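Colleague: Predicted model and sequence follow; I will ask about them next.
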Amino acid sequence: MTSRVNYRKLAFANYDPICTHCGFGILAILDVAHIDGDRKNNDISNLVILCPNCKKMLGKKLISVEVIVAMRDIAKSGSGPKRSRAIASESQGRSPQGLDESSQTIIATNSVAKPELVFELGAEGGSAGIYRIRDTFGKWEYQVGRGGIYLDENDQESWRSWMKAPVATFEEALHSITGDSWVYLYPLGIHPEYQRRVWTMLHKIISNLPQEALGHWSDAKYRWLEMGFEGN
């Protein structure tokens with residue numbers, strides 16, 4: 001016989017202690033939802049950590065199960081229950097579709113350099129972007145910024161955004177968004193320097209998708225085609 005405490009412990013032992021959708025991180029307020037609505041199904045794949053607002057939106061179908069599962073799987077990119085938490089941050093400015101090809105290298109002067117957006121993905125109710133910035137040795141490091149809608153106490157939609165700690169490679173940053181499930185999201189902008197790299201990764205993933213997953217891919221496929229991706 002399982003209890004609320006048991007599935008809460010299971011979820012918090014396997015996923016980051018933040019809201020999967022909006023990044024809210026006050027432990028005492030966070031809740032655990034059963035994705036299929038069956039409170040007896042305490043399999044880890046059926047659990048997701050959400051704040052009360054996002055749990056309410058999931059229940060009202062303002063956020064799809066597919067998006068919640070994809071965003072939840074960011075937790076799998078870490079190395080155990082003590083993975084780093086998302087860092088709250090002001091929203092970074094977005095660039096138009098197809099990021100500026102003439103973007104210049106960011107050089108830190110007397111102040112902290114501003115991260116440069118190089119790849120942005122979207123989904124219903126949220127988005128994620130990968131930013132690059134030079135470290136103290138002049139090498140690129142990458143940060144993931146995420147944002148999403150949430151419902152306030154009056155059930156009004158608002159936007160919350162935050163940044164994760166930097167990582168060493170673009171690939172690591174991309175995988176941290178949703179694992180390989182980023183292919184189901186919509187591309188909003190890509191820096192020309194990263195197009196070939198993203199196209200190669202995308203083609204490799206979709207070439208190995210099981211038949212039952214191709215339907216989800218077809219929902220996003222036309223958006224990738226609009227961005228210049230040519231694939232099956």
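Modeller: Received it, and whenever you're ready, just let me know what you need.

Colleague: Where do the helices of this structure begin and end?
Modeller: Using DSSP state H, the helices of the chain run over residues 4-14, 52-59, 65-72, 170-178, 192-207, 214-226.

Colleague: any chance of those helices in TSV, with mean neighbour count, distance to Ser127 and mean pLDDT too?
Modeller: For every residue, glycine as well, the C-beta is placed using N, CA and C. Converted to TSV, the helices of the chain look like this (neighbours: other Cβ atoms under 10 Å; distance: least, Cβ to Cβ, whole Å; pLDDT from 0 to 100):
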stretch	mean neighbour count	distance to Ser127	mean pLDDT
helix 4-14	15	25	80
helix 52-59	21	15	82
helix 65-72	20	11	79
helix 170-178	21	10	89
helix 192-207	15	16	92
helix 214-226	14	13	80
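
Colleague: where does the residue nearest the centre of the chain sit relative to Glu226, distance-wise?
Modeller: Nearest residue to the geometric centre of the chain (Cα atoms, centre = their mean): Ile177, 3.7 Å. Distance of Ile177 to Glu226, given as Cβ to Cβ, to the nearest Å: 20 Å.

Colleague: Equivalent analysis for Asn6, please.
Modeller: Asn6 sits 46 Å away from Glu226, going by Cβ to Cβ.

Colleague: same question, Glu172
Modeller: Here the criterion is Cβ to Cβ. By it, Glu172 lies 27 Å from Glu226.

Colleague: And for Val144?
Modeller: Val144 is 23 Å from Glu226, by Cβ to Cβ.

Colleague: repeat for Leu214
Modeller: 19 Å.

Colleague: pull the helix or strand with minimum mean pLDDT from the chain.
Modeller: Here the helix or strand of the chain ranked lowest by mean pLDDT, DSSP states H and E is strand 87-88, holding a mean of 28.

Colleague: Using a markdown table, please lay out the helices of the chain together with distance to Leu185.
Modeller: Converted to a markdown table, the helices of the chain look like this (distance: least, Cβ to Cβ, whole Å):
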| stretch | distance to Leu185 |
| --- | --- |
| helix 4-14 | 22 |
| helix 52-59 | 17 |
| helix 65-72 | 7 |
| helix 170-178 | 7 |
| helix 192-207 | 11 |
| helix 214-226 | 7 |
